[in-house]
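*Asks:* starting from these lines, generate the structure:
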Amino acid sequence: AGMGGMGGSMGPGPEPPAEGNYDGSEVYSAVGTQSALDIASHPTHGIAVVGGFEQKVDFGGKTLTSIGKVDGYLLMLGNDAKAKWVTHFGGAGEVILTNVAIRSDGYVVVAGKYSGMPTFGSKQLVDAGNQMTCALNGQTNLTCLNAFVAMIDPMGDHKWALSFGDANSMQLIHDLALDPAGEHIGVVGASTAEFSLPGDNDPIKIELANGAPRSPFAAMIDPMGDHVDWAHGLVSSQDAFFDAIAFDGLGHALVGGVRGGDGTFAGHPLSGLNRAVFFGLRLKSTVSFDAGTVAWAKPNWPLAAVNDILLAPNGALYIAGTFLDEQGVTTVDLGTGELVSPDDVKHNYFLARFASAKDSDIQQATWVKVASAYQAQDYFFTSAVKLSLDPWDNVLMSAVVHGAPTDFGKGPVGHVGGKDMAITKYASDGTLHWSKGFGAAGDDAAAGVVANLTGQPILSGFFNGKIDFGGGEHSSLGDDVFVACFTP
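*Replies:* Okay, here's the model as predicted:
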């Protein structure tokens with residue numbers, strides 16, 4: 001089905017009635033497996049989708065052929081969700097783009113993972129010398145991958161790329177964000193070993209404790225991609241990761257994820273229960289002399305994980321993630337009382353709003369919403385929930401649906417088989433406008449949901465099998481990428 005009723009140049013105008021009705025979709029099929037892993041939007045510059053593909057893929061008449069086993073792609077869409085241009089990144093090994101953000105000038109920043117020596121325009125990334133296989137999340141014999149960040153101009157030309165990582169280890173970026181003050185690039189991720197980043201003068205070593213299967217790090221990259229301004233790793237012997245980063249209007253970075261046991265970050269001691277807990281940091285400004293130091297840390301929400309952080313233009317802070325309900329005991333209290341599973345299941349989602357990111361306001365949420373996640377593989381799986389805002393400051397959320405339909409408050413939504421996806425729209429006062437669920441027989445995943453210039457929610461991801469977004473059934477060749485649009 002084509003994309004209907006999309007775009008326009010007059011802006012969103014008055015907020016229309018909340019509907020969430022189907023308004024068009026596109027499916028991009030490949031010879032081989034492909035994925036869509038992140039989506040970003042800008043009211044002037046359109047919508048960006050990133051992921052990876054094998055062999056050959058057709059993006060609306062724009063065909064890409066892979067150089068290596070897996071190549072990465074950046075697909076730019078207009079506000080009508082039609083493909084404008086696409087560029088890809090590849091080499092003899094693997095390249096997958098995992099994160100994307102759009103600058104105010106239309107330049108696009110991407111992050112991802114690679115092996116070998118792929119090229120980005122005239123830039124060839126350094127081969128870290130990975131000769132071994134790596135283990136992560138209980139899996140062994142994985143290809144050792146290093147991380148990179150790159151910038152692409154508004155025409156799709158590659159401007160620069162910065163790689164980091166050490167031999168025979170794995171570095172993964174889980175999220176990136178742009179500092180609104182100077183458009184520094186903040187990234188968070190995890191590493192299976194100590195590694196170094198290129199500093200302004202000398203390399204910056206990320207120190208990690210022995211014994212941890214993976215350890216998280218946060219870094220601030222110069223807007224020109226020349227170097228890293230600062231970087232820190234979480235020193236702890238327990239498994240941990242950072243999954244979210246966002247900036248306030250002053251350039252302070254907020255970081256969220258999971259940590260286990262006691263540890264230190266940027267010299268700041270962190271203590272709590274000896275198991276995975278929510279972990280939040282507010283790092284001081286990127287432009288001050290004490291950049292990268294910890295302003296506050298909130299390790300006081302046990303049995304929970306933060307998957308995304310969103311700061312609204314009015315300063316409101318939204319945090320979303322997962323929490324455990326173990327036989328009615330969660331110990332997760334965001335200042336509104338202990339969170340309880342609505343369906344008496346172990347794995348659950350939460351979305352919380354705080355008045356601001358100030359230390360005084362983070363103590364108590366203004367409202368919290370919960371929904372059951374059922375058979376989540378574990379409660380700190382990454383990117384289970386993603387957030388964005390529409391032009392009227394409504395919160396759009398995408399989530400994994402696994403094991404049974406999930407009820408966000410207006411009845412159960414979608415579960416067909418394997419992992420499926422859901423999207424919801426909440427007003428800033430916490431009112432649920434609508435929720436939708438979609439799935440195919442295989443595993444499906446949402447890259448996220450964003451709003452275009454006129455406020456229409458745009459959902460992207462990939463699916464395996466047959467799926468219907470509301471306008472008729474689509475069939476995939478394998479794992480196929482999709483873009484689906486809905487009325488506000």
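*Asks:* can you pull out the strands in the stretch 201-350 of the chain?
*Replies:* Under the criterion DSSP state E, counting those that start in this stretch, the stretch 201-350 of the chain carries strands at the ranges 204-206, 215-221, 228-235, 241-247, 253-260, 263-265, 268-270, 276-283, 294-297, 301-302, 304-311, 317-324, 347-354.
*Asks:* those strands: which one's closest to residue 45?
*Replies:* Minimum separation from residue 45 across these (C-beta to C-beta) falls at strand 241-247, 18.6 Å. Bear in mind the C-beta positions are built from the backbone N, C-alpha and C, glycine included.
*Asks:* just want the angle from the closest one to strand 228-235.
*Replies:* 140 degrees (axes from the mean of the first three to the mean of the last three C-alpha atoms, to 10 degrees).
*Asks:* okay, now the sheet partners of strand 241-247, with direction.
*Replies:* Note on strand 241-247: by DSSP bridges, its sheet partners are strand 253-260 (antiparallel).
*Asks:* what is the least confident helix or strand in the chain?
*Replies:* For the chain, using mean pLDDT, DSSP states H and E, the weakest element among its helices and strands is strand 276-283, scoring a mean of 54.
*Asks:* how about residue 433: what's its closest non-neighbour residue?
*Replies:* Distance criterion C-beta to C-beta, 6 or more residues apart in numbering; nearest residue to residue 433, sequence neighbours excluded, is residue 18 at 3.6 Å.
*Asks:* also residue 441?
*Replies:* On the basis of C-beta to C-beta, 6+ apart, the spatially nearest residue to residue 441 that is not a chain neighbour turns out to be residue 465, at 3.8 Å.
*Asks:* give me phi/psi at that neighbour?
*Replies:* When quoted as degrees, to the nearest 10, the phi and psi of residue 465 stand at phi 120, psi -140.
*Asks:* that one - how many residues pack around it?
*Replies:* Counted with other C-beta atoms under 10 Å, the neighbours of residue 465 add up to 20.
*Asks:* related to what we said a few turns ago, in a markdown table, list the strands of the stretch 201-350 of the chain along with mean neighbour count and distance to residue 155.
*Replies:* Rendered in a markdown table, the data for the strands of the stretch 201-350 of the chain read as follows (neighbours: other C-beta atoms under 10 Å; distance: least, C-beta to C-beta, whole Å):
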| stretch | mean neighbour count | distance to residue 155 |
| --- | --- | --- |
| strand 204-206 | 19 | 33 |
| strand 215-221 | 26 | 22 |
| strand 228-235 | 23 | 27 |
| strand 241-247 | 26 | 27 |
| strand 253-260 | 26 | 30 |
| strand 263-265 | 22 | 39 |
| strand 268-270 | 16 | 43 |
| strand 276-283 | 24 | 34 |
| strand 294-297 | 18 | 39 |
| strand 301-302 | 20 | 44 |
| strand 304-311 | 25 | 30 |
| strand 317-324 | 25 | 34 |
| strand 347-354 | 24 | 37 |
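*Asks:* which of those strands sits closest to residue 72?
*Replies:* strand 215-221 (18.3 Å).
*Asks:* chain center to the closest one, what's the gap?
*Replies:* For strand 215-221, the distance from its own C-alpha centre to the chain's C-alpha centre is 15 Å (C-alpha atoms, centre = their mean, to the nearest Å).
*Asks:* and that strand, what does it pack against?
*Replies:* Counting contacts by 3 or more C-beta pairs under 8 Å, 6 or more residues apart in numbering; DSSP states H and E, strand 215-221 packs against strand 185-191, strand 228-235, strand 241-247, strand 253-260.
*Asks:* neighbouring strands for the host helix or strand of residue 485, and are they parallel or not?
*Replies:* Counting by DSSP states H and E, the element that carries residue 485 is strand 480-486. Within its sheet, and counting by DSSP bridges, strand 480-486 is paired with strand 22-28 (antiparallel), strand 457-463 (antiparallel).
*Asks:* pick the most buried one from those strands.
*Replies:* Across the strands paired with strand 480-486, the average number of neighbours (mean count of other C-beta atoms under 10 Å) peaks for strand 457-463, which reaches a mean of 27.
*Asks:* immediately after that strand, which helix or strand?
*Replies:* On the C-terminal side of strand 457-463, the nearest following helix or strand under DSSP H and E is strand 466-468.
*Asks:* next up, the contacts around residue 34.
*Replies:* Under the criterion of C-beta atoms under 8 Å, 6 or more residues apart in numbering, the neighbours of residue 34 are 28, 51, 52, 53, 54, 57, 462, 478, 479, 480, 481.
*Asks:* what does residue 463 give?
*Replies:* If you count contacts by C-beta under 8 Å, 6+ apart, residue 463 has them with 438, 439, 440, 442, 444, 474, 476, 479, 480, 482.
*Asks:* farthest-apart pair in these, please.
*Replies:* Across the contacts of residue 463, the longest distance by C-beta to C-beta is 14.8 Å; it joins 438 and 479.
*Asks:* wait, which of the strands paired with strand 480-486 is closest to residue 487?
*Replies:* In this view, the strands paired with strand 480-486 are compared for proximity to residue 487 by C-beta to C-beta, and strand 22-28 is the closest at 5.3 Å.
*Asks:* burial measure for the residue nearest to residue 433, as a count.
*Replies:* Neighbourhood size, residue 18 [other C-beta under 10 Å]: 15.
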